[in-house]
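Peer 1: Pasting the sequence and the predicted model now:
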Amino acid sequence: MSRVSDTRHHRKASRCHVSTPMWQTGRMTVDVRPARRATSKDVAATAGVSRSTVSQILNGDDRFPEETRARVLAAAKALHYRPSRAGRALVTGLSDIIVVVVPNATFGPHLQDSVDRLTNATSGEGMSVVVRFASMQDESTLTSVLDLRPTAVVDFGVFSNEQRERIEAFGTRVVPRRTPLADRADPDPIDIHIGRMQVRELLRAGPRRLVYAALDDKRLDPFGPPRLDGIEREARERGLAKPLIARIPLDAHGATTALRAVLSGADSTPIGVCCYNDDVAIAVLSAARRLGLRVAEDLALVGVDRTAVGQLITPRLTTVFVDQPKIMDALVRDLASLSSRRPLPEPTSAELDLSELVELIPGETT
């Protein structure tokens with residue numbers, strides 16, 4: 001066969017096949033057209049049920065007999081069937097997206113762990129997790145979230161109650177649910193408790209002049225004010241002066257300047273510093289050394305977060321550990337039933353067991 005006729009033959013064959021390169025034994029053609037993707041109709045035929053039954057069972061409806069559900073699930077698995085996300089969105093009006101809305105604040109190292117935990121918990125539902133940093137009660141963020149039509153929003157304190165209601169009006173679930181506060185209950189008990197714990201540890205060995213070391217940062221600070229509130233409450237109940245406040249940048253020179261300034265207003269009493277987090281505590285530790293202060297004797301300090309670096313340096317930081325996985329458990333439970341779309345029971349006011357969530361990690365700085 002001539003080269004021209006061979007080329008024409010190749011072009012004709014390529015309409016329905018993809019050809020491999022020419023081998024010495026001749027031309028080989030391999031059909032690599034993908035197999036047809038299974039549909040809900042195929043699953044229904046295999047399981048011997050209707051398509052609507054398949055749809056309801058695969059969307060989490062557990063009202064069907066266990067034997068029927070088992071047949072549908074087995075058929076779907078055997079056929080490698082996955083429901084169409086686009087089709088589900090058309091039916092429910094919601095996308096398969098979970099938006100995690102986080103204040104544009106300075107976080108410790110555990111935010112990524114929390115997001116990973118949520119991602120792993122919802123991956124079986126076919127959900128995609130999107131993280132959005134936002135200002136408090138930001139309307140532009142609310143608009144962006146509504147445009148996405150997510151199945152759920154995980155709100156880390158950004159939205160107001162009114163904004164949450166607007167999101168839920170579109171059928172989107174918002175977690176964590178805000179439980180009704182008991183009479184005279186604290187709105188942020190964990191951070192208030194952290195501040196109190198820091199003061200108790202600093203005063204354990206004797207009286208000290210208390211200082212709150214905030215992070216000198218332009219981002220939001222949703223955690224600092226309640227922690228300072230806890231520090232002030234504990235000091236007031238012990239008959240101590242209101243704590244001094246220092247804003248500490250995360251550089252040696254700036255931290256030294258800020259600490260020197262706040263110490264100029266203190267007397268000769270030893271200093272006890274409640275730090276916003278372990279990063280601030282390390283900056284204060286560096287400044288104390290530059291100023292010739294003896295750590296734990298002249299100046300004691302307590303951080304927050306129990307970072308790996310804070311436990312590796314010398315002296316090792318005394319710090320407060322917050323058990324984020326336990327805090328995330330409630331969110332995971334709420335998100336685990338997303339596919340069923342069943343309404344969750346109304347939240348009830350309940351006392352947090354702070355001893356299970358917050359722990360003092362003794363170190364060498366107190």
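Peer 2: Thanks, I have the structure now. Residues are numbered from 1 along each chain as shown.
Peer 1: mind listing the strands for the stretch 201-350 of the chain?
Peer 2: Listed in chain order, the strands found in the stretch 201-350 of the chain under DSSP state E, counting those that start in this stretch are 209-215, 244-248, 271-275, 299-304, 319-322.
Peer 1: could you dump those strands to TSV with mean pLDDT and distance to residue 99?
Peer 2: The way it works is simple: take the backbone N, C-alpha and C, and place the C-beta from them, glycine included. Rendered in TSV, the data for the strands of the stretch 201-350 of the chain read as follows (pLDDT from 0 to 100; distance: least, CB to CB, whole Å):
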stretch	mean pLDDT	distance to residue 99
strand 209-215	96	26
strand 244-248	96	32
strand 271-275	97	32
strand 299-304	97	27
strand 319-322	95	23
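Peer 1: Residue 113 is nearest to which of those?
Peer 2: strand 319-322 (11.5 Å; CB to CB).
Peer 1: can you list contacts of that closest one?
Peer 2: Residues from elsewhere that reach strand 319-322, judged by CB atoms under 8 Å, 6 or more residues apart in numbering: 110, 190, 194, 197-198, 278, 281, 302-307, 310-311, 357-361, 363.
Peer 1: Just the buried residues of the residues you listed.
Peer 2: Buried by 16 or more other CB atoms under 10 Å: 110, 190, 194, 197-198, 278, 281, 302-307, 310, 357-358, 360-361, 363, out of the contacts of strand 319-322.
Peer 1: sorry, back to before: how about the strands of the stretch 201-350 of the chain in a markdown table, adding distance to residue 103?
Peer 2: Rendered in a markdown table, the data for those read as follows (distance: least, CB to CB, whole Å):
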| stretch | distance to residue 103 |
| --- | --- |
| strand 209-215 | 14 |
| strand 244-248 | 19 |
| strand 271-275 | 20 |
| strand 299-304 | 16 |
| strand 319-322 | 16 |
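Peer 1: Any idea how far apart the tips of stretch 154-168 sit?
Peer 2: Taking CA to CA, to the nearest Å, stretch 154-168 runs 12 Å from one end to the other.
Peer 1: pLDDT (mean, whole number) over that stretch?
Peer 2: Taken as a whole, stretch 154-168 has a mean pLDDT of 89.
Peer 1: same question, stretch 38-54
Peer 2: Averaged over stretch 38-54, pLDDT sits at 89.
Peer 1: Mind listing residues that contact it?
Peer 2: Stretch 38-54 has contacts (CB under 8 Å, 6+ apart) with 55, 58, 64, 68, 71-72, 74-76, 78-81, 83.
Peer 1: Can I get the buried part of those residues as one ChimeraX selection?
Peer 2: The command below creates a ChimeraX selection of those among the contacts of stretch 38-54 that count as buried (16+ other CB under 10 Å):
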select :55,58,71,72,75,76,79,81,83
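Peer 1: Pull the most distant pair out of the contacts of stretch 38-54.
Peer 2: Of all pairs drawn from the contacts of stretch 38-54, the one with the longest distance (CB to CB) is 64 and 80, at 22.0 Å.
Peer 1: Surely residue 161 touches residue 178?
Peer 2: Yes - under the contact definition of CB atoms under 8 Å, residue 161 touches residue 178, with a separation of 6.9 Å.
Peer 1: Those two - which one has more neighbours?
Peer 2: Between residue 161 and residue 178, counted using other CB atoms under 10 Å, residue 178 has the larger neighbour count: 13 against 7.
Peer 1: Test my guess that residue 282 contacts residue 308.
Peer 2: No - the pair residue 282 / residue 308 is not scored as a contact, 11.9 Å apart, by CB under 8 Å.
Peer 1: So those two - more neighbours on which side?
Peer 2: Between residue 282 and residue 308, residue 282 has the larger neighbour count (other CB under 10 Å), namely 22 against 9.
Peer 1: How much space separates that one from residue 162?
Peer 2: Using CB to CB, to the nearest Å, residue 282 is found at 40 Å from residue 162.
Peer 1: what's the answer for residue 228, then?
Peer 2: 27 Å.
Peer 1: quick one: which of the strands of the stretch 201-350 of the chain is nearest residue 155?
Peer 2: With distances scored as CB to CB, the stretch of the strands of the stretch 201-350 of the chain nearest to residue 155 is strand 319-322 (18.4 Å).
Peer 1: from the middle of its chain, how far away would that closest one be?
Peer 2: On the basis of CA atoms, centre = their mean, to the nearest Å, strand 319-322 sits 18 Å off its chain's mean C-alpha point.
Peer 1: Stretch 197-205 too?
Peer 2: 30 Å.
Peer 1: tell me which residues form a beta bridge with the residue nearest to residue 306 when sequence neighbours are not counted?
Peer 2: In this structure, residue 306 finds its nearest non-sequential neighbour in residue 321, 4.0 Å apart by CB to CB, 6 or more residues apart in numbering. According to DSSP bridges, the partner residues bridging residue 321 are residue 359.
Peer 1: And residue 154, by the same measure?
Peer 2: Under DSSP bridges, the beta-bridge partners of residue 154 are residue 100, residue 175.
Peer 1: residues contacting it?
Peer 2: Residues near residue 154 by CB under 8 Å, 6+ apart: 98, 99, 100, 101, 118, 175, 176, 331, 335.
Peer 1: Go again with 7 Å.
Peer 2: 98, 100, 101, 118, 175, 331 (CB atoms under 7 Å, 6 or more residues apart in numbering).
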